[in-house]
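Test case, fold it:
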Amino acid sequence: MDNEKYFEWLKRARLIDDGFFILCFSDNVPCVEYILQIILDKEDLKVESVEMQKTIENLYGRSVRLDAFATDDNGKMYNIEVQRTDEGAMPNRARYNSAMMDYHKLKEGAKFKELPESFVIFITENDVLKGGEIIYHIDRIVKETGKNFGDGTHIIYVNGSYKDESGSLLADLIHDLFCTNPADMKLAKLAERAAFVKGNKGWELNQMNPLFAEIFKDELEEAHTKGVQENFLANVRELMKNLHFTAAQAMDALGVPADKQKEYADLI
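Numbering: from 1, shown residues only. Predicted coordinates for the structure are as follows:
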């Protein structure tokens, strides 16, 4: 792994980014428990175990890898997914993750009533369900009676794009998901963990393994590309300021192809 790219990524990393979320909360029961308590509005929820990037194999179809898989002291199952793209949080995926959690839990010969309650939670960068709500709770309902079907499955979407200055714990959680600097975060428990991860680079590198390297590959490349782009835009602005160039003249001077100039002009 390219250490320079890793450190560059680490500076910009946010909890909404899959790799940083996994690094911060890998085997971290207290933090995952705290996030679930906030999202489910249940202060007394006690998490027993947490497994990041849990793979559930399917012998007859597609396997699934869960960002975070937790169980509480009552045996209930929780899957937390952070998603920056709408496609990654499509309802069909929530359905499949829920089904695979049941598949994982119900052993041969077990009775269906032994299936515990399960929660699939998507924390998304965009308002995937387009309803303008801060959080969405999806349960199966009997249409004719309006009553809950009672199958024990729950799907929750947390809308990361929701702007809320109410000071609620959920609003603060959403705010903190997008902070690159732990000092700007509002929830002390999450800020402390993020600061530890960002400040202990040697510790983090020692935690690397092939699985983490695979997770980080795209995010590292994205961070590197973003850094190069920011440096380029700074050079363009300097030419415009000091030599009174237009944006086009500055980009000509820097050798930017004509077909790329409009793309960059929109960023200046």
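
Show me the helices in the stretch 151-268 of the chain, by range?
169-177, 188-199, 201-206, 210-242, 247-253, 258-265 (DSSP state H, counting those that start in this stretch).

and the one helix or strand R93 maps to, how far from the chain's centre?
Using DSSP states H and E, the element containing R93 is helix 91-105. The chain centre lies 18 Å from the centre of helix 91-105; the measure is Cα atoms, centre = their mean, to the nearest Å.

which other residues reach it?
56, 58, 62-64, 66, 69, 77, 79, 81, 115-116, 118, 120, 122, 138, 153, 155 (Cβ atoms under 8 Å, 6 or more residues apart in numbering). Backbone N, C-alpha and C define where each C-beta goes, glycine included.

Now restrict those to buried residues only.
56, 64, 66, 69, 77, 79, 81, 115, 118, 120, 122, 153, 155 (16 or more other Cβ atoms under 10 Å).

If you average pLDDT over each of the helices of the stretch 151-268 of the chain, which is lowest?
Lowest mean pLDDT within the helices of the stretch 151-268 of the chain: helix 201-206, a mean of 58.

What helix or strand is G61 located in?
Using DSSP H and E, G61 falls outside every helix and strand.

Need the buried ones among the contacts of helix 91-105 in a markdown table (columns: secondary structure and distance to P257).
Below are the buried ones among the contacts of helix 91-105 laid out as a markdown table (DSSP: H, G, I helix; E, B strand; the rest coil; distance: Cβ to Cβ, whole Å):
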| residue | secondary structure | distance to P257 |
| --- | --- | --- |
| I56 | strand | 47 |
| V64 | strand | 42 |
| L66 | strand | 43 |
| F69 | strand | 47 |
| M77 | strand | 52 |
| N79 | strand | 45 |
| E81 | strand | 39 |
| L115 | coil | 58 |
| S118 | strand | 52 |
| V120 | strand | 45 |
| F122 | strand | 39 |
| T153 | strand | 52 |
| I155 | strand | 46 |
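
Near T71, how many other residues are there?
T71 is flanked by 17 other residues according to other Cβ atoms under 10 Å.

contacts for the strand or helix carrying it?
Per DSSP H and E: T71 is located in strand 64-72. With contacts defined as Cβ under 8 Å, 6+ apart, strand 64-72 is touched by 18, 21-22, 25, 29, 32-33, 36, 45-56, 58, 77-82, 96-97, 100-101.

repeat that for 6 Å
Defining contact as Cβ atoms under 6 Å, 6 or more residues apart in numbering, one finds that strand 64-72 is touched by 32, 45-56, 77-81, 100.

Whichever of the residues you listed end up buried, select them in ChimeraX.
Entered in ChimeraX, the line below selects the buried ones among those, by 16+ other Cβ under 10 Å:
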select :32,45,47,50,52,53,54,56,77,78,79,80,81,100
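
Among the contacts of strand 64-72, which lie within helices?
Using DSSP state H, the subset of the contacts of strand 64-72 located in helices is 32, 100.

Unless I misread the structure, H137 falls within a strand.
Yes. Per DSSP: H, G, I helix; E, B strand; the rest coil, H137 lies within a strand segment.

so what's the nearest residue to H175 once chain neighbours are set aside up against?
Leaving aside its sequence neighbours, H175 sits nearest to K186 (Cβ to Cβ, 6 or more residues apart in numbering; 5.8 Å). The neighbours of K186, taking Cβ under 6 Å, 6+ apart as the test, are 172, 175-176.

how about the residues you listed in TSV, adding neighbour count and distance to D266?
Formatted as TSV, those follow (neighbours: other Cβ atoms under 10 Å; distance: Cβ to Cβ, whole Å):
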residue	neighbour count	distance to D266
D172	18	33
H175	18	28
D176	20	30
